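Chemist: Please find the sequence and the predicted model below.
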Amino acid sequence: MDSLQLESSNKIFGGYQKVYSHASSELKCKMNFSIYLPPQAEGGDVKLPLLYYLSGLTCSEQNFITKSGFQRYAAEHGVIVVGPDTSPRGVKIDGDDSSWDFGVSAGFYLDATNEPWNNNYRMGSYLNVELYDLILKAFCNVVDPNRIGIMGHSMGGHGALVSTLRNPGQYKSVSAFAPICNPSACPWGVKAFSGYLGEDKSKWAEWDATELVKKYNGPPLTLLLDQGSGDKFYLEKQLLPENLVEACRSVGVPVILQLRDGYDHSYYYISTYIGEHFDFHAKILKA
Ligand SMILES: N[C@@H](CCC(=O)N[C@@H](CSC=O)C(=O)NCC(=O)O)C(=O)O
């Protein structure tokens with residue numbers, strides 16, 4: 001683990017919540033990620049399932065580990081959980097900090113093709129290749145490479161869905177809280193995709209779950225979508241889960257949409273249902 005620097009380590013529910021930093025070659029900057037090692041990882045003689053959690057706009061790796069309470073469920077199920085940051089950090093591109101929904105902490109888990117973003121904003125390759133390989137190598141004694149799933153929230157829900165649909169078989173289970181389901185058709189997505197990918201909408205479709213699912217040709221997959229009915233971003237049509245459900249149904253990809261009465265977009269909502277998502281993933285990853 002020479003290339004990893006331990007930033008923090010705290011005991012919680014019998015395991016350890018750690019944060020590491022490393023130099024990313026894709027993003028050309030120093031990045032943090034979190035990893036929860038449940039008590040079952042102690043000793044390193046059992047290989048455990050791994051879940052990625054992708055956070056939303058304005059987040060770092062800290063929001064999920066301090067606010068969701070997921071460690072209780074990860075410890076119960078014996079699942080390792082990794083949480084990357086949401087964008088490159090400290091690369092200083094003009095305009096990267098002028099709004100909260102584009103640039104810093106808003107990397108959208110894609111590979112930018114438009115200048116000046118294309119040099120650093122490569123979160124798609126960072127997550128699905130660089131960090132993925134680094135985790136398998138650095139934690140090879142405890143991670144089972146055949147039992148990896150992914151989940152996320154909002155922009156991170158979009159990231160979880162597109163990562164799964166673009167890389168068939170890499171993630172065996174997927175779920176999302178209040179995901180941005182059809183970014184080509186909502187204000188957040190139009191702003192991000194115009195900036196990172198340019199105006200050619202055929203490139204947008206490559207990073208849009210509602211478009212990708214229509215062409216999915218991989219192992220059987222059930223998408224678990226979770227949505228609070230009182231979420232202001234849902235009501236403002238930033239999230240559009242119904243579009244993804246309709247696309248799934250049109251091609252026969254199983255999808256579950258859980259509508260949660262009165263819940264908003266916050267970590268109060270996520271912490272209420274995170275246990276159900278661990279049950280969903282554990283059932284698939286431990287089958
Ligand atoms: N600043 C915004 C609200 C930002 C916000 O709600 N961010 C969400 C993710 S939104 C989609 O990706 C979040 O997870 N925030 C972090 C948290 O700890 O709650 C506004 O002004 O509305």
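Modeler: Here it is on my side, so go on.
Chemist: got a pLDDT number for the closest residue to the ligand within the stretch 101-250 of the chain?
Modeler: Nearest residue of the stretch 101-250 of the chain to the ligand, counting by Cβ to the nearest ligand atom: residue 154, 2.8 Å away. C-beta: built from backbone N, CA, C; applies to glycine. On pLDDT, residue 154 comes in at 99.
Chemist: correct me, but it touches residue 233?
Modeler: Yes - look at residue 154 against residue 233 with Cβ atoms under 8 Å: they come within range, at 7.1 Å.
Chemist: got any residues that touch both of these two?
Modeler: The contact sets of residue 154 and residue 233 overlap at 178, 239, 265 (Cβ atoms under 8 Å, 6 or more residues apart in numbering).
Chemist: May I have the predicted confidence score for the closest residue to residue 119 other than its chain neighbours?
Modeler: Spatial nearest neighbour of residue 119, chain neighbours left out: residue 28 (6.8 Å); criterion: Cβ to Cβ, 6 or more residues apart in numbering. In this prediction, residue 28 carries a pLDDT score of 98.
Chemist: about what we covered before: dump the residue contacts of the residue of the stretch 101-250 of the chain closest to the ligand.
Modeler: In this structure, residue 154 makes contact with 56-57, 177-180, 233, 239, 265, judged by Cβ under 8 Å, 6+ apart.
Chemist: go again using 6 Å as the cut-off
Modeler: Residues counted as contacts of residue 154 (Cβ atoms under 6 Å, 6 or more residues apart in numbering) are 56, 178.
Chemist: quick one: it from residue 109, how far?
Modeler: According to Cβ to Cβ, to the nearest Å, residue 154 stands 11 Å off from residue 109.
Chemist: which residues in the chain form strands?
Modeler: For the chain, the strands defined by DSSP state E occupy 5-12, 15-24, 29-37, 48-54, 80-84, 143-153, 173-177, 223-228, 255-260.
Chemist: So which of these is the most surrounded?
Modeler: Mean neighbour count (mean count of other Cβ atoms under 10 Å) peaks for strand 173-177 among the strands of the chain, with a mean of 28.
Chemist: Show the average pLDDT along that one.
Modeler: Predicted confidence along strand 173-177 averages 99 (mean pLDDT).
Chemist: now it: how far from the chain's centre is it?
Modeler: 9 Å (Cα atoms, centre = their mean, to the nearest Å).
Chemist: same check, this time on stretch 119-135
Modeler: Stretch 119-135 has its C-alpha centroid displaced from the chain centroid by 12 Å (Cα atoms, centre = their mean).
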